[in-house]
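Enquirer: Fold the following for me, if possible:
(one chain, ligands or ions: 2)
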Amino acid sequence: MHLPCRPADSNKSTFGSVLNIAGSVHFRGAAYLSTVSALRVGAGYATLAAIPPVIDAVAAKLSEAIFLPLPQDGATISRDAVFTLSSQIKSGTICSFGCGISALQNASVNLSETTDELLNIFIQKRTPLVLDADGLNLLAKSPISFRFGNRCVMTPHPMELARLLHTDVEQIQKNRLDAAREASKKYEAIVLLKGHRTVIALGEHGEINETGNSALAKAGSGDCLTGVIAGLLAQKMEPFDAAVLGAHIHGLAGEMASKDFSEYGVLASDLPSYIARIIRDLK
Ligand SMILES: NC(=O)C1=CN([C@@H]2O[C@H](COP(=O)(O)OP(=O)(O)OC[C@H]3O[C@@H](n4cnc5c(N)ncnc54)[C@H](O)[C@@H]3O)[C@@H](O)[C@H]2O)[C@@H](O)CC1
Ligand SMILES: Nc1ncnc2c1ncn2[C@@H]1O[C@H](COP(=O)(O)OP(=O)(O)O)[C@@H](O)[C@H]1O
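Expert: Numbering: from 1, shown residues only. Ligands and ions are numbered 1, 2, ... in the order given. Below you'll find the model as predicted:
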C-alpha cells in the first residue's frame with residue numbers, strides 16, 4: 001500500500017478537502033483532534049462544521065482549519081443544520097461525521113432525525129464518508145436500513161459494533177473479523193473494528209492491523225483515526241485502502257509517541273505530530 005502521491009506541480013486543491021461534522025458542548029476536543037489529523041495526513045483543506053462554542057474552542061488551537069458554523073440546539077447541532085449542510089455537500093465531498101457530536105444518553109429525538117436526514121444526503125450525493133462514534137450510535141438506533149454503497153468507512157469500537165449488530169461486546173470480541181464482516185454486509189460499508197489488532201472488513205474480505213499499543217487506549221485517539229482516514233480519502237484513496245493505511249499509520253504514531261512519552265503518558269493530542277513523522281519515515 002502506497003501513500004497518496006504528492007506531485008511537485010500541485011496546490012492545496014490537489015490534495016482535497018474534508019468536511020468534518022463533529023463536536024458538541026461536552027466534546028469539543030473530538031472536533032479538534034479529528035480536524036487536525038486530516039490536515040496532518042496531507043489533506044489540502046479541512047472544514048469543521050460545528051456549533052459556535054466548538055468552533056471557538058477549535059479556532060483557538062488550530063489556525064489552519066476553515067469553519068462552517070451550524071445552528072445549535074442545546075448541547076449539539078439542531079435539525080436546521082441539515083439545510084446548512086445540504087447546500088455545502090456536493091457530489092463527492094469527503095465527509096466525516098460523528099466525533100463527539102453528543103453524549104449517547106443525551107441523544108435527543110431531534111438529533112436522531114437530523115442524523116437520518118444527513119445519512120440520506122451522504123448516500124444520495126455519493127459522498128465518501130467516515131462514520132464514527134455517535135454517528136454510529138445514532139445509526140444503530142435508526143429505524144431506516146441504510147446501505148452506503150461501499151463508499152463509507154465505519155469505525156466502531158467493540159461496544160459501538162455491538163450496538164449496530166444488536167449483540168454484546170463479548171460476542172463481538174469472540175470473532176472480531178466475522179463481526180466486522182457481518183456489519184460490512186449489513187450496511188454495505190467498510191467496517192474498521194477498533195482495538196488491539198484492529199480489523200478492517202469489506203464483505204468477506206478482511207485485514208488485521210498489526211500496529212499500535214496501549215498508548216492509544218486513551219480518550220480521543222479514535223477521533224485522530226477518523227481524521228487520518230478522512231484525510232486519505234480527500235487525497236483520493238479508495239475507502240478500503242484508506243482504512244487499512246489509516247489504521248497502520250495511526251498505530252505506528254502511537255508506537256513512536258510512546259518512545260518519547262511512554263505508553264502511560266501519550267495524549268491523543270500528541271498523535272497528530274507523530275502521524276506527520278510516521279509519514280516522513282514511510283516515504
Ligand atoms: N476529548 C473529547 O472531546 C473526547 C470525545 N469523545 C467522544 O465521546 C463520545 C463517547 O465515546 P466513548 O467511547 O467514551 O463512549 P461509548 O459509550 O461509546 O463506549 C465506551 C465503552 O466501550 C467499550 N469499549 C471501547 N473500546 C473497547 C475495546 N477495544 N474493547 C472492549 N470494549 C471497548 C468500553 O466498555 C468503554 O467503556 C464519542 O462521541 C466520542 O467521539 C471521546 O473520543 C473521548 C474524548
Ligand atoms: N491496546 C491497544 N492496542 C492498540 N490500539 C489500541 C489499543 N487501545 C485502543 N487502541 C486504538 O485507539 C483508538 C481508540 O478509539 P476509540 O475507542 O474510538 O476511543 P475515543 O472515542 O476515546 O477516541 C482505536 O483506533 C483503537 O484501535
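Enquirer: In this structure residue 113 contacts residue 79, no?
Expert: Yes. Judged on Cβ atoms under 8 Å, residue 113 makes contact with residue 79 at a distance of 6.3 Å. In this view, the C-beta of every residue, glycine as well, is placed from N, C-alpha and C.
Enquirer: Is the residue of the stretch 151-283 of the chain found nearest ligand 2 in a helix, a strand, or coil?
Expert: Of all residues in the stretch 151-283 of the chain, residue 222 sits closest to ligand 2, at 2.3 Å by Cβ to the nearest ligand atom. Per DSSP: H, G, I helix; E, B strand; the rest coil, the secondary structure class of residue 222 is helix.
Enquirer: Verify the contact between it and residue 156 for me.
Expert: No. Between residue 222 and residue 156 there is no contact under Cβ under 8 Å: 9.4 Å.
Enquirer: Alongside ligand 2, which residues does this protein contribute?
Expert: Residues of the chain lying close to ligand 2 (Cβ under 6 Å from any ligand atom) are 133, 157, 194-196, 198, 212-214, 216-217, 219-223, 225, 250.
Enquirer: let's see it at 5 Å
Expert: Contact residues, the chain versus ligand 2 (Cβ under 5 Å from any ligand atom): 157, 194-196, 198, 212, 214, 216-217, 219-223, 225.
Enquirer: sorry, back to before: give me the neighbour count for the residue of the stretch 151-283 of the chain closest to ligand 2.
Expert: The tally of other residues near residue 222 (other Cβ atoms under 10 Å) stands at 22.
Enquirer: now the helices: where do they sit in the stretch 51-200 of the chain?
Expert: 52-59, 81-88, 109-124, 133-141, 158-165, 169-174, 176-187 (DSSP state H, counting those that start in this stretch).
Enquirer: could you say what helices and strands the last one packs with?
Expert: Same thing as helix 176-187. In terms of contacts (3 or more Cβ pairs under 8 Å, 6 or more residues apart in numbering; DSSP states H and E), helix 176-187 is packed against strand 152-154, helix 158-165, strand 190-193, strand 199-202, strand 205-208.
Enquirer: Turn these into TSV, columns for mean pLDDT, mean neighbour count and distance to residue 16.
Expert: What follows is those, written out as TSV (pLDDT from 0 to 100; neighbours: other Cβ atoms under 10 Å; distance: least, Cβ to Cβ, whole Å):
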stretch	mean pLDDT	mean neighbour count	distance to residue 16
strand 152-154	98	28	15
helix 158-165	98	21	27
strand 190-193	98	29	18
strand 199-202	98	24	21
strand 205-208	98	15	24
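Enquirer: could you dump those to CSV with distance to residue 178?
Expert: Listed next are the helices and strands packed on helix 176-187 as CSV, based on distance: least, Cβ to Cβ, whole Å:
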stretch, distance to residue 178
strand 152-154, 16
helix 158-165, 11
strand 190-193, 10
strand 199-202, 9
strand 205-208, 9
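Enquirer: for these, which one sits closest to ligand 1?
Expert: When the helices and strands packed on helix 176-187 are compared by Cβ to the nearest ligand atom, helix 158-165 sits nearest ligand 1, at 3.3 Å.
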